[in-house]
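1. A predicted structure for the sequence below; I have some questions about it.
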Amino acid sequence: MSNQQRKRRLVNAVNFVIIALQRVGIAFGPMHLLTVAGRRTGRLRTFAIAVVVVAGQRYIVQAFPKAAWVANARAAEQVTLTRGRRSTQARLVELPVESRRPVLRRLVEESPASVGKRYADNGLSPSPAPDDVAASAERIAVFRVVDRGDDLNVG
């Protein structure tokens, strides 16, 4: 088994625990449950996701290559975000590549070092440095969380 496969299995196991804890009402850190219709089956799929705040806006940022939730979010009209026992309907608006760069830079600058390291370890960025993560924006999907009534302008 490759190192990448071991890492994916560990992530899946941790996500299973996070989903179970969230479903019984235990919320922690930036973790939410993202429930979105599958792009092919239409069946609801739930993923453990970090919702991060950058410059006063809420974002969901891809941390792993080929994350299934990314393609499903791109196809979905709306998603459900659950934190503990509270659920809200939202839209996820994907930022264009150039708009992702400042968000990614600031996210890595303002977060623990493990955030930048995750992008490098997972092959999305050549290094954990804020400028390198920002320069890798074409490989890292960034979605702004838009609640009802929010402005949909992403620029």
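-> Received the coordinates, thanks. Computed from a predicted model, the values in this text were never measured in an experiment. Numbers count the residues shown, from 1 in each chain.
2. what is the rounded mean pLDDT of stretch 36-47?
-> Averaged across stretch 36-47, pLDDT comes to 93.
3. sorry, slip of the keys, the one I care about is stretch 139-146.
-> On average, stretch 139-146 scores 97.
4. kindly export that stretch (C-alpha atoms) in CSV.
-> Provided in CSV are the C-alpha atoms of stretch 139-146 (Å, rounded to 0.1, in the frame of the first residue of the first chain):
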residue,chain,number,x,y,z
ARG,A,139,-5.1,23.1,-8.3
ILE,A,140,-6.9,24.2,-5.1
ALA,A,141,-10.7,24.8,-5.3
VAL,A,142,-11.9,27.6,-3.1
PHE,A,143,-15.7,28.1,-2.5
ARG,A,144,-17.2,31.1,-0.7
VAL,A,145,-20.1,30.0,1.5
VAL,A,146,-23.2,32.1,0.6
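5. for it, buried residues please.
-> Within stretch 139-146, the residues that count as buried by 16 or more other CB atoms under 10 Å are 139-146. In this view, the C-beta of every residue, glycine as well, is placed from N, C-alpha and C.
6. residues in contact with that stretch?
-> The list of residues contacting stretch 139-146 from outside it, by CB atoms under 8 Å, 6 or more residues apart in numbering, reads 51, 57-62, 65, 67, 70, 73-74, 81, 90-95, 99-100, 103-104, 119, 124-125, 133, 152, 154.
7. buried ones among the residues you listed?
-> When the contacts of stretch 139-146 are checked for burial by 16+ other CB under 10 Å, the buried set is 51, 58-62, 67, 70, 73, 81, 90-95, 100, 103-104, 119, 124-125, 133.
8. mind checking which of those land in helices?
-> Secondary structure defined by DSSP state H assigns 70, 73, 100, 103-104, 119, 133 of the buried ones among the contacts of stretch 139-146 to helices.
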